[in-house]
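> Dropping a prediction and its sequence here:
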Amino acid sequence: MPEDQTRRFILEVEQVQYAAQLAMIALMKPGATRAAIRAAGEQIFRERGFDPRYAYSGHYVGMSVHDVGDWEAPLE
């Protein structure tokens, strides 16, 4: 792939990631579900022609254990 196409692709990926990040952060409020937050990011990835599996909403980080918590519970 020529260098200018590579740069354009990388810029496009960064723009999609940033747009999804902003949309997902805007939804992170008490009562929101991780599924709804993730769906918003996935929709942006889909609309721009990217694999929606890369729209990841993060994970729990507990005081003593990584990834502890109910993934289906609404945010508090």
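The structure has been received and is ready for your questions. Numbering: from 1, shown residues only.
> Chain neighbours aside, what residue packs nearest to Ala40?
Closest residue to Ala40 apart from its sequence neighbours, by Cβ to Cβ, 6 or more residues apart in numbering: Ala23 at 4.7 Å. Placement of C-beta: from N, CA and C, glycine included.
> Could you check how far that neighbour is from Arg38?
As defined by Cβ to Cβ, to the nearest Å, Ala23 lies at a distance of 11 Å from Arg38.
> Look at the two and report which has more neighbours.
Using other Cβ atoms under 10 Å, the more surrounded residue of Ala23 and Arg38 is Arg38, with 20 against 15.
> From the chain's centroid, how far away is the helix or strand encompassing that one?
For Arg38, the enclosing helix or strand under DSSP states H and E is helix 34-47. On the basis of Cα atoms, centre = their mean, to the nearest Å, helix 34-47 sits 7 Å off its chain's mean C-alpha point.
> Which other helices and strands does that helix contact?
Counting contacts by 3 or more Cβ pairs under 8 Å, 6 or more residues apart in numbering; DSSP states H and E, helix 34-47 is packed against helix 3-27.
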